[in-house]
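1. coordinates for the following, if possible.
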Amino acid sequence: MFVFYLITFAFFVVALLDVILRRDDQIKHLPKITWVFIVILLPLIGAILWFAIGREYESSPRPRRPARTTSSQANAHAPYASSTEAQLAALEHEIELAERDKRIRELEEQMRRQSEGETA
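-> I've put the predicted structure just below:
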């Protein structure tokens, strides 16, 4: 019986460390903190659930989910992720998209006015 408790405890510790050390985009179905609570409150069942449905395995055929960050959080970590030139290129691309969206809205408004003028 002692061996069963020892194996359960080791499984619990491995699962808890695995949950804590995973990035948010490598966790499925629930947020990381929820998985930590599940593994702590239900050691054996929580660890089994974690390895069965919560963990994102690298050989998974389904596409990986993007990280759960907002654009401001992504920009805060951007200096560590890429060079200044890449950041400038991304910013210029974002400005281009904003200008294109503005032009599309202007054309839609102009077409709406023309169609209202034709019907009146």
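
2. for the chain, what are the low-confidence residue spans?
-> Applying pLDDT under 70 to the chain picks out residues 59-82, 120.

3. ok, residue 4 - contacts?
-> For residue 4, the contact set (CB atoms under 8 Å, 6 or more residues apart in numbering) is empty. Quick note: C-beta positions are derived from backbone N, CA and C, even for glycine.

4. from the chain's centroid, how far away is the host helix or strand of it?
-> Using DSSP states H and E, residue 4 sits within helix 2-21. Centroid separation between helix 2-21 and its chain, computed with CA atoms, centre = their mean, to the nearest Å, is 27 Å.

5. need the next SSE after it, C-terminal direction.
-> Remark: after helix 2-21, the chain's next helix or strand is helix 32-41, criterion DSSP H and E.

6. on that earlier part again, just the angle between the helix holding residue 4 and helix 32-41, please?
-> Taking axes from the mean of the first three to the mean of the last three CA atoms, to 10 degrees, helix 2-21 and helix 32-41 form an angle of 170 degrees between their directions.

7. just the CA trace of stretch 31-41, in CSV.
-> Provided in CSV are the C-alpha atoms of stretch 31-41 (Å, rounded to 0.1, in the frame of the first residue of the first chain):
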residue,chain,number,x,y,z
PRO,A,31,-6.3,28.1,-18.0
LYS,A,32,-3.1,27.1,-16.4
ILE,A,33,-4.1,28.2,-12.9
THR,A,34,-7.2,26.0,-13.1
TRP,A,35,-5.1,23.0,-14.0
VAL,A,36,-2.9,23.7,-11.1
PHE,A,37,-5.9,23.7,-8.7
ILE,A,38,-7.3,20.5,-10.2
VAL,A,39,-4.0,18.7,-9.9
ILE,A,40,-3.5,19.9,-6.3
LEU,A,41,-7.1,19.2,-5.1
